[in-house]
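>>> okay, here's the prediction I keep looking at, along with the sequence it came from:
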Amino acid sequence: MQEQLRIDMRQITKRFEGVKALNSVNLQVRPGEIHALMGENGAGKSTLMRVLSGATHMDSGHIFLDGTEIHFANPKQGIEKGISVIYQEFALVYDLTVAENIYIDKLSDKHGIIDWKGLKQKAKEQLDQLGFLNIDVNAAVRDLSVAYQQIVEICKAVTRNCSVLVLDEPTAVLASYEVEQLFRLLDNFKRRGISIIYISHRIDEILRICDRVTVLKDGANVDTLDVSAVDRNRLVNMMIGRELQNFFPPREPKIGGVKMRVKNISRGNVVKNVSFEVRKGEVLGIGGLVGSGRTELLRAIYGADKRDSGEVYIDGIKTGIHSPKIAVSNGIGLLPEDRKTLGVLLDLPILHNITLASLKKFCSLLHKINFKKELSFSREMIDKLKIKLGSLENNVSSLSGGNQQKVALSKLLACECGILFMDEPTRGVDVGAKVEIYKIINALVDQGLAMVVVSSEMTEIIGMCDRALIMKGGEIVGELGKDELTEENMIHYSMGVN
């Protein structure tokens, strides 16, 4: 008897400018299963899902939905057939309310009349069914947490009677308790027969909630296996083609004197009277739940947000940092958590992204850019950070997430920063790129740089940092030395449990 399939993608091939992004890829998803789709950045996962949804047209191949071959001209047709894709960048209208976003494509009846009371009631009932009674349907989406914005996206998909739900890195910005809420929701969908395609680089999540896993590499299938038949090491080997002996590269810390000391940093209710210091050659981690004030603390020190009070000392000297420009001139660089919006200029060439913040280094006395010098330095950064690219003239948007992150980092290194703030440095990058970024961090601190790393992944804080501060409610509630860094200790402080 032939196996029943919800999605059956056969021999999908897609080329971009002569390069094969997908090479005869197959993907079969059963009704009511959570199917993981894994692979390094650039492996073809997003392209395959865009083909499934109708956002990208394949060059060849066949797609079947519940046994019937389908051809979508656009995503709207895919949605009408029950296929919903929730990307990392949400498709929400932030100035509209929760209710308006949930029913964005069916606000009015055929006469163009909107039943506002009925609309809000239906939205509330949908959210209640999903177990999120505390989301106000009258609230503007921009005022919601990222976790709740994601729930609005999922609720929107459910109201469209989706039978296939694609989630792209759904837990990247969620706290641990929010992840648990999401997992309960997905289990509910699974019992209702909805097929879920789950794209993630977080192997522990895959092993926990998924039924089967398909791994892609270089636009082609590696294998599809039952999750019960694989372990962490095998998945890593399938993705990068080699064993990962040590996920966090070993380092022998050579910690020197205090490089930076901050005193009584405050900004509204999000950062409250925070003081700490970081030393040369040290990786200082800052952990805590999403919303605990970690990013806001870095931005306040860096001058990206105006602080109410506080002092910053570098090499023992008090500095008057009130803007990013002044921070950089004092040797502080910030790698922001949202690299696509704040870290790089996607539609600008890689070459100019690398040198953008340090153009004076490449200018003559007459302010004319020495392009030969600029090109030579950029090539040096490419080699140093092992950035994979076609040409320096290509836009940053042509790169994978991990390589975009490296370009953002190279821009800071060009400024010769001695203190680096790294906010979620490996968010949304694959396991191979993560290890490369960890090696870069090790190399930089070995040269005497002081590093402050914010991460929502506790294993990352534990594996990379020499010491960690834990934040809760805008305050530092605990400090853990290397020998005290455990998930249990971090959770206790983050949750306020003694």
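Perfect, thanks for sending it.

>>> now the helices for the stretch 201-350 of the chain?
For the stretch 201-350 of the chain, the helices defined by DSSP state H, counting those that start in this stretch occupy 203-209, 232-240, 294-302, 324-329, 350-355.

>>> and what of the stretch 1-150 of the chain?
Ranges of helices in the stretch 1-150 of the chain, per DSSP H, counting those that start in this stretch, are 45-53, 75-80, 98-102, 116-130, 146-159.

>>> for the stretch 351-498 of the chain, same thing?
371-385, 401-414, 431-446, 458-464, 487-495.

>>> hey, which of the helices of the stretch 1-150 of the chain is tucked in deepest?
Sort the helices of the stretch 1-150 of the chain by mean neighbour count, taking mean count of other C-beta atoms under 10 Å, and helix 98-102 sits at the top with a mean of 25. Every residue, glycine included, has its C-beta placed from N, CA and C.

>>> list the contacts of it.
92-93, 107, 119-120, 122-124, 126-127, 135-139, 141, 144, 152, 155-156, 159 (C-beta atoms under 8 Å, 6 or more residues apart in numbering).

>>> hmm, back to that, and the helices of the stretch 351-498 of the chain: which comes nearest residue 181?
Of all the helices of the stretch 351-498 of the chain, helix 487-495 sits nearest to residue 181, with 15.0 Å by C-beta to C-beta.

>>> just the buried positions in that closest one, please.
For helix 487-495, a neighbour-count test (16 or more other C-beta atoms under 10 Å) marks 489, 490, 493, 494 as buried.

>>> CA atoms only for that helix, dumped as PDB, please.
The C-alpha coordinates for helix 487-495 follow below in PDB (Å, rounded to 0.1, in the frame of the first residue of the first chain):
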ATOM      1  CA  GLU A 487      22.200  25.500  32.800                       C
ATOM      2  CA  GLU A 488      20.700  24.900  36.300                       C
ATOM      3  CA  ASN A 489      22.500  27.900  37.800                       C
ATOM      4  CA  MET A 490      21.600  30.100  34.900                       C
ATOM      5  CA  ILE A 491      17.900  29.100  35.000                       C
ATOM      6  CA  HIS A 492      17.700  29.700  38.700                       C
ATOM      7  CA  TYR A 493      19.000  33.300  38.400                       C
ATOM      8  CA  SER A 494      17.000  34.000  35.200                       C
ATOM      9  CA  MET A 495      13.700  32.800  36.800                       C
END
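
>>> OK, contacts around residue 318?
By C-beta under 8 Å, 6+ apart, residue 318 lies in contact with 311, 312.

>>> mind checking how far it is from residue 257?
Counting by C-beta to C-beta, to the nearest Å, the gap from residue 318 to residue 257 is 17 Å.

>>> wait, residue 248 sits on residue 461?
No. Residue 248 is beyond contact range of residue 461, at 10.6 Å (criterion: C-beta atoms under 8 Å).

>>> just want to know which of those two has more residues nearby.
Legend: neighbour count by other C-beta atoms under 10 Å for residue 248 and residue 461, higher for residue 461 (26 against 17).

>>> what's the closest non-adjacent residue to the more buried one?
Excluding the flanking residues, the one nearest residue 461 by C-beta to C-beta, 6 or more residues apart in numbering is residue 285, at 4.1 Å.

>>> if that neighbour is in a bridge, with which residues?
In this entry, residue 285 is beta-bridged to residue 453, residue 468, by DSSP bridges.

>>> enumerate every residue touching it.
Residue 285 neighbours (C-beta under 8 Å, 6+ apart): 452, 453, 454, 455, 461, 464, 465, 467, 468, 469, 485.

>>> and the last one, how many residues sit next to it?
Residues within reach of residue 485, counting by other C-beta under 10 Å, total 20.

>>> now swap in the second one and tell me
Using other C-beta under 10 Å, the number of residues around residue 453 comes to 23.
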